[in-house]
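Asker: no FASTA, just this:
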């Protein structure tokens, strides 16, 4: 036992100093380094939502200020002695409470109706994209990661990835949403509003980025212990770069060239293939993310830690320490086996 532990420490230490940080501080700061900002937009759909958001926010602030002022006025207004005699007021000085109530009810009703109409008009305007979507992406919410499948009329052009959504910039993208377990919510505030992801039901939305960039999102419906670490990362690219990325994703994983990589492939097929798929190998599991091009992704564990340094070895060695309650079990591997599997996964570009 001590020998296996020594091997594990030696492998992770050689992998990178980052693993020692991962073991004690599982990169919570990384997950929150770029907080979502729903007061900015980068797409035509989000532009309409942003205008509504600012409008409702302004109305809410005005209402709070007015109500606070009226309450303070009622508390501190001066009273004449006649107000204090057994609560009886002289004739001609009784306020018309009905008029006050009527004006308050009328103004409130107008404001609320106006907000409802504005909201419905906005929802109708963004219900369909302004032009035919360039492609369709089918997204499945899991506890706690996103399965992403790029659809096509040509079966040879269909492929699956996870957690990171690549799209061409400047064109609308159709997104279909379903859940494999509980209710989730798909939300990329810079590109779109929230759409619920419901078991047994397919919901549809669309996104569009006006310019290339990386746009962060989040599951917006509490879905369990790791809800906060169910991130969405949308990478918008120029059309030529997106096509190059898609063509690379369509390729099966390249066979490993080193002895460590070959040993890692054998170990991966033996210990990990029940959950994960790597196209071009015997691994065809459907319970975990597709890992065919793992090293092209920026994060591991769906935005919990960066896909760099020793974090990969740390995630394989003890996923429950980095993301407690996640569905990835801890697989018992010796130091040499961990090194081999890690070496193989690092070849998956």
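Answerer: That came through, no problem. Because the structure is predicted, anything quoted here is derived from the model rather than measured.
Asker: contacting residues for the residue sitting nearest the centre point of the chain?
Answerer: Central residue of the chain (C-alpha atoms, centre = their mean): residue 218, 2.3 Å from the mean position. With contacts defined as C-beta atoms under 8 Å, 6 or more residues apart in numbering, residue 218 is in contact with 36, 187, 230, 231, 232. C-betas here are computed from N, CA, C, even on glycine.
Asker: To what extent is the second one buried, counted in neighbours?
Answerer: It stands for residue 187. 20 (other C-beta atoms under 10 Å).
Asker: do the last one as well
Answerer: Look at residue 232: counted by other C-beta under 10 Å, it has 24 neighbours.
Asker: gap between it and residue 163?
Answerer: 8 Å (C-beta to C-beta, to the nearest Å).
Asker: Just give the number of residues close to residue 137.
Answerer: 20.
Asker: Bridged to it, which residues?
Answerer: residue 150, residue 175 (DSSP bridges).
Asker: correct me, but it touches residue 174?
Answerer: Yes. The pair residue 137 / residue 174 is scored as a contact, 7.2 Å apart, by C-beta atoms under 8 Å.
Asker: Stretch 280-295 - what's its average pLDDT?
Answerer: The pLDDT scores in stretch 280-295 average 93.
Asker: and if you look at stretch 148-156?
Answerer: 94.
Asker: Repeat that for stretch 331-343.
Answerer: 91.
Asker: Quick check: what element follows the helix of greatest length in the chain along the chain?
Answerer: Longest helix in the chain, counting residues (DSSP state H): helix 44-76. Per DSSP states H and E, the first helix or strand lying C-terminal to helix 44-76 is helix 97-126.
Asker: now that next one: how far from the chain's centre is it?
Answerer: Counting by C-alpha atoms, centre = their mean, to the nearest Å, helix 97-126 is centred 33 Å from the centre of its parent chain.
Asker: Now do that helix: which elements does it pack against?
Answerer: Judged by 3 or more C-beta pairs under 8 Å, 6 or more residues apart in numbering; DSSP states H and E, helix 97-126 is in contact with helix 44-76.
Asker: Give the residues shared as contacts by residue 232 and residue 163.
Answerer: residue 146.
Asker: thinking again about what came up before, tell me the buried residues in the longest helix of the chain?
Answerer: Under the neighbour-count criterion of 16 or more other C-beta atoms under 10 Å, helix 44-76 has 44, 45, 46, 48, 49, 50, 52, 53 buried.
Asker: my guess is residue 144 contacts residue 229, does it?
Answerer: Yes. At 6.1 Å, residue 144 counts as touching residue 229 under the criterion of C-beta under 8 Å.
Asker: overlap in contacts of the two?
Answerer: With C-beta under 8 Å, 6+ apart as the test, residue 144 and residue 229 both reach 302, 323.
Asker: For residue 202, see how far away residue 138 is.
Answerer: From residue 138 over to residue 202 (counting by C-beta to C-beta), the distance is 9 Å.
Asker: Now the common contact residues for the two.
Answerer: With C-beta under 8 Å, 6+ apart as the test, residue 138 and residue 202 both reach 176, 178.
Asker: Those two: which is more packed in?
Answerer: The neighbour count for residue 138 versus residue 202, taken as other C-beta under 10 Å, is higher for residue 138 (17 against 11).
Asker: Contact partners for residue 49?
Answerer: 41, 122, 126, 192, 193.
Asker: Just name the closest of the residues you listed to residue 311, please.
Answerer: Set against residue 311, the nearest of the contacts of residue 49 by C-beta to C-beta is residue 192 (29.6 Å).
Asker: Please tell me how far the closest one sits from residue 278.
Answerer: If you go by C-beta to C-beta, the gap between residue 192 and residue 278 works out to 31 Å.
Asker: How about residue 218?
Answerer: 28 Å.
Asker: same check, this time on residue 128
Answerer: 38 Å.
Asker: and what of residue 116?
Answerer: From residue 116 over to residue 278 (counting by C-beta to C-beta), the distance is 51 Å.
Asker: higher neighbour count, the two?
Answerer: Between residue 116 and residue 278, counted using other C-beta under 10 Å, the more crowded position is residue 278 (24 against 10).
Asker: you'd agree that one is up against residue 291?
Answerer: Yes. The pair residue 278 / residue 291 is scored as a contact, 5.3 Å apart, by C-beta under 8 Å.
Asker: what touches both of those two?
Answerer: By C-beta under 8 Å, 6+ apart, the residues touching both residue 278 and residue 291 are residue 348.
Asker: Can you tell me the closest non-neighbouring residue to residue 341?
Answerer: residue 264 (4.7 Å; C-beta to C-beta, 6 or more residues apart in numbering).
Asker: Helix or strand for the one you found, just tell me which one.
Answerer: For residue 264, the host element (DSSP H and E) is helix 259-271.
Asker: what's next to that helix, contact-wise?
Answerer: Here helix 259-271 has contacts from 255-256, 276, 278, 281-283, 331, 333, 337, 339-345, 347, using C-beta under 8 Å, 6+ apart.
Asker: Just the buried subset of these, written out for ChimeraX, thanks.
Answerer: Entered in ChimeraX, the line below selects the buried ones among the contacts of helix 259-271, by 16+ other C-beta under 10 Å:
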select :256,276,278,281,283,331,333,337,339,340,341,342,343,344,345,347
